[in-house]
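Participant: show me the folded form of this:
(chains A, B and C)
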Amino acid sequence: MSLILAKIRFWLLDITYQVVGREPQILIWGITEDNRRVLLIDRSFRPYFYVLPREGADISKLKSKIKALSVARSPITSVEEVSKKYFGKPVKVLKVVTVIPDQVPKYREEIKKFPEVKEVLEADIRFSMRYLIDYQLKPSSWHEAEVVKYDKKTNIRVDEVYYVKPPIKPINIIKEPPLRKLAFDIECYNPRGSPSPERDPVIIVSTYSSSEGLKQFVAKNHDDKGVLESFVKYVQEQDPDIIIGYNSNRFDWPYLIERGKRLGIKINVGRTGAEPNPSVYGHISVMGRANVDLYDFAEEVYEVKVKTLENIADYLGVMPKNKRVLIEWYEMPKYWDDPSKRPLFLKYGADDVISTYGLGEKFLPFAIQLSSITGLPLDQVGAASVGYRVEWYLMREAYLANELIPNRVERPYESYRGAIVLEPKKGVHENIAVLDFSSMYPNIMIKYNISPDTYIPPDEEEPPEGAWVAPEIGHRFRKEPPGFFKRVLETLLKLRKQVREGMKKYSPESPEYRILDERQKALKVLANAMYGYQGWVGARWYCKPAAEATTAWGRQTIKKAMEFARKLGLEVIYGDTDSIFVKYDKEKVEKLIKMVQEELGFEIKIDKIYVRVFFTEAKKRYAGLLPDGRIDIVGFEAVRGDWADIAKEVQEKVMEIILKEGSVDKAVEYVRKVIRDLREGKIPISKLIIWKTISKKLEEYEVEAPHVAVAKKMVEMGLKVSVGMKIGYVITKGSGRLADKAVPYFAAKIEDIDANYYIEKQVIPAVARVLAYFGITEKELKATTVKSQRTLFDFFR
DNA sequence: GCCTTGAAGTTACCG
DNA sequence: ACCGGTAACTTCAAGGCG
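Facilitator: Sure, this is the predicted structure:
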């Protein structure tokens, strides 16, 4: 080994650890400035945790008791008293250092039993994450390190292996390295329903990369040995940094691995000899690469209700549905077995993988920013839920503030009061401004210093600095010093402001602009999730009084704003949580904005202006016409995923006719036409499908709702139904419960459709919700004769 | 035994 | 595995009626 120290700059792709002999080693996978793939090994880091003694405990006795636990395979190398803070209060804790990470939970369990010990803290933080936190390294960001070349030959697939001399230092560079990305997608032979790896071969593996484009591996009839082997070889040759899939954590990878086991083929696609393996948050880890499942990000595209690859790619303009090959899963065996159809199947696989790659281009910049901000490695950040993303950010901040990280404890669920929603003034209103509080909850938390560490329990006296007292519920929070959450929120908001400021230096087309834009979005998501986090029973920093106080102040704030509006003579039409709908009187609205700013200390903004907006008596549902002619539909069936397309379409159209043209009769006429078409079987099945999610195991349902009954039928047909899956069904003619008449959409014929159900229970309820307000009865909708011309305006004179 | 009614279960939305 | 508030559907069992 040469001893020449060199300085390198690298982008942190992934981090893991291994134990070699009795030495733990941190492995950092990176990409250097000059485009080399490197592995950095840090042999100097050791696992540790803290012991919080009970008050009055004999510290030196405790120390020696802990030391006495030391075992040879992973000795306790030091027990030292250090000063930390716990929920803002200074505490003395014992820092216990050992050698082998796996030994930490064992020590924790034994130490917990000592009567002198109140709590063992930070013993559940994974070794590699501990490293990131302690050196404040950020995945998906640039760093600088002093390294020594590791000269011996290894079978690790990188350009260079180094020993690193800590500390590695983060550096601030905006650009991304030239990442090698490879998208992949598998197709399986499935003549008996859902494919199973014990039985059904992988017939096509499609891949796409920017350098090589499309490359497919195809089975010889039902022999897929070659497919797996050549795919693995191809990944190794291409050596991608990021492997992109769609639902790959739950399907493609587990299938390939299980299939590989059957065939005796090792799916060793990583940068070491290891196979991909299941890891935290349900993601599959590929050593030395970032395995990213885009499904995690597609889940946040709420406009798309059935989140198939085709639908998401279509919606985001990555690949329009009408420009690609679409094959339903039940037709696949046919396309495979028929030589004349097989090319089309291959094209289908190609379109899928090209869509996946395209979605990667859409989602990865955000994923990278989220990873860099939260500190979660790129392959985990998508799979981690919002709560964990927030938590990782908090844990890093806690370290910086010398705060101990609380343990995760199991608690029973507790509810508390939330926001207020106003009863809307029903009917049609013209020229309405929607005013929104900007980041209401974060700003409330900042203003009233709401945080787990500033909360004053009822039995404690008020501190001399004074306290903020929440309305209605009376929870108190000390005014000084600034609490943990306040500091974190201020940092997040400040950072976001800086990033948005920084964006101005670049043209909107530049990569820097795009990166910064994704970054500010990620910061916003994080800030907005802080309120929900504190009320989450699974949170380390769970604090119900804090959550409860936040909503209480929220209610007070919006109520005051509404009072101001009324005082100014502005009629309040509606309001929900942090928004109020008022008549758009420009001067008065400007006054209101000023008043709220000056008297309440919060910013409100005009979010949008409706030329015309319609409310029924229901809360959380309205439809408005925007100045540019677009129709905004909120809450109604038209924006819900669990109504048949035909009902949604008709409702939307009716809203449009009413809001734009004001013609009730035209709307009625249109509805009648659709009802006729339904009776005559002219509406295709695709518009009749109702999609509903299976939210728990089938046997756990207490009521057999239609989608549950259909799911059970699907299981009988040999299909896998898993939690989280959307079931598409249609209602057919017959008697009994709806559940008895519901069948999977792919198993229905148009002649069997129960038109009556779609008329009575889908189309009519959806449109009657709107038209009933204009005096139209269900009878009139079903009637065939037309009455005199009426318009919207006849009803509001 | 049939019909009505309301509670309970369930889903997906809003902010 | 972030929160509560809300609308609306279907099932299911209880109660009323004959």
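Participant: quick check: bridge partners of A:Leu39?
Facilitator: Judged by DSSP bridges, the bridge partners of A:Leu39 are A:Trp29, A:Val161.
Participant: what sits against it?
Facilitator: For A:Leu39, the contact set (CB atoms under 8 Å, 6 or more residues apart in numbering) comprises A:Leu27, A:Ile28, A:Trp29, A:Gly30, A:Ile156, A:Val158, A:Glu160, A:Val161, A:Tyr162, A:Arg271, A:Gly288. For the C-beta atoms, the positions are set from N, CA and C on the backbone; glycine is no exception.
Participant: looking at those residues, which is nearest A:Trp541?
Facilitator: When the contacts of A:Leu39 are ranked by distance to A:Trp541 (CB to CB), A:Ile28 comes first, at 28.6 Å.
Participant: what's the burial count for that closest one?
Facilitator: 26 (other CB atoms under 10 Å).
Participant: for it, give me its contacts.
Facilitator: A:Leu12, A:Asp14, A:Ile15, A:Leu39, A:Leu40, A:Ile41, A:Asp42, A:Val164, A:Ile168.
Participant: which residues of the stretch 551-700 of chain A lie near DNA strand B?
Facilitator: Taking CB under 7 Å from any atom of the strand as the contact definition, the stretch 551-700 of chain A meets DNA strand B at A:576-579, A:620-621, A:634-635, A:639-642, A:691-696, A:700.
Participant: what's the average pLDDT for the strand or helix carrying A:Ala768?
Facilitator: Secondary structure from DSSP states H and E places A:Ala768 in helix A:764-771. In this model, helix A:764-771 has a mean pLDDT of 94.
Participant: just give me how far that helix sits from the chain centre.
Facilitator: Taking CA atoms, centre = their mean, to the nearest Å, one finds the center of helix A:764-771 at 34 Å from the center of the full chain.
Participant: list the buried residues for that helix?
Facilitator: A:Ile764, A:Pro765, A:Ala766, A:Val767, A:Ala768, A:Arg769, A:Val770, A:Leu771 (16 or more other CB atoms under 10 Å).
Participant: so what strands line up beside the longest strand seen in chain A?
Facilitator: If you go by DSSP state E, chain A has its longest strand at strand A:5-20. Strand A:5-20 pairs in its sheet with strand A:23-32 (antiparallel), strand A:142-149 (antiparallel), by DSSP bridges.
Participant: now whatever residue of chain A ends up closest to DNA strand C: how far from A:Ala313?
Facilitator: Per CB to the nearest atom of the strand, A:Gly532 is where chain A lies closest to DNA strand C, at 1.9 Å. Using CB to CB, to the nearest Å, A:Gly532 is found at 30 Å from A:Ala313.
Participant: who has more neighbours out of the two?
Facilitator: Using other CB under 10 Å as the criterion, A:Gly532 and A:Ala313 rank with A:Ala313 on top: 26 against 15.
Participant: which non-adjacent residue is nearest that one?
Facilitator: A:Ser355 (3.8 Å; CB to CB, 6 or more residues apart in numbering).
Participant: just the angle between the helix or strand harbouring that neighbour and strand A:5-20, please?
Facilitator: Using DSSP H and E, A:Ser355 maps to helix A:342-374. Orientation note: helix A:342-374 sits at an angle of 110 degrees relative to strand A:5-20 (axes from the mean of the first three to the mean of the last three CA atoms, to 10 degrees).
Participant: any buried residues in helix A:342-374, and which?
Facilitator: For helix A:342-374, burial by neighbour count (16+ other CB under 10 Å) applies to A:345-346, A:348-360, A:362-374.
Participant: cool, and stretch A:755-762?
Facilitator: Buried-residue list, stretch A:755-762, by 16+ other CB under 10 Å: A:Ala755, A:Tyr757, A:Tyr758, A:Ile759, A:Gln762.
Participant: leaving out the residues flanking it, which one is nearest to the first one?
Facilitator: In space, and not counting its chain neighbours, A:Ala755 is closest to A:Leu678: 4.7 Å by CB to CB, 6+ apart.
Participant: checking my notes, that neighbour in a helix, right?
Facilitator: Yes - read with DSSP: H, G, I helix; E, B strand; the rest coil, A:Leu678 is one of the residues of a helix.
Participant: quote the end-to-end distance of stretch A:266-285.
Facilitator: Distance across stretch A:266-285, first residue to last, is 15 Å (CA to CA, to the nearest Å).
Participant: show me how far that stretch is from its chain's centre.
Facilitator: With CA atoms, centre = their mean, you get 22 Å for stretch A:266-285.
Participant: now do the same for A:Phe484: its pLDDT.
Facilitator: pLDDT, A:Phe484: 97.
Participant: so what's it up against?
Facilitator: A:Gly88, A:Leu394, A:Glu397, A:Ala398, A:Ala401, A:Glu403, A:Ser451, A:Pro452, A:Asp453, A:Trp541.
Participant: one more time with 10 Å, if that's ok
Facilitator: Going by CB atoms under 10 Å, 6 or more residues apart in numbering, A:Phe484 touches A:85, A:87-88, A:394, A:397-398, A:401, A:403, A:451-454, A:541.
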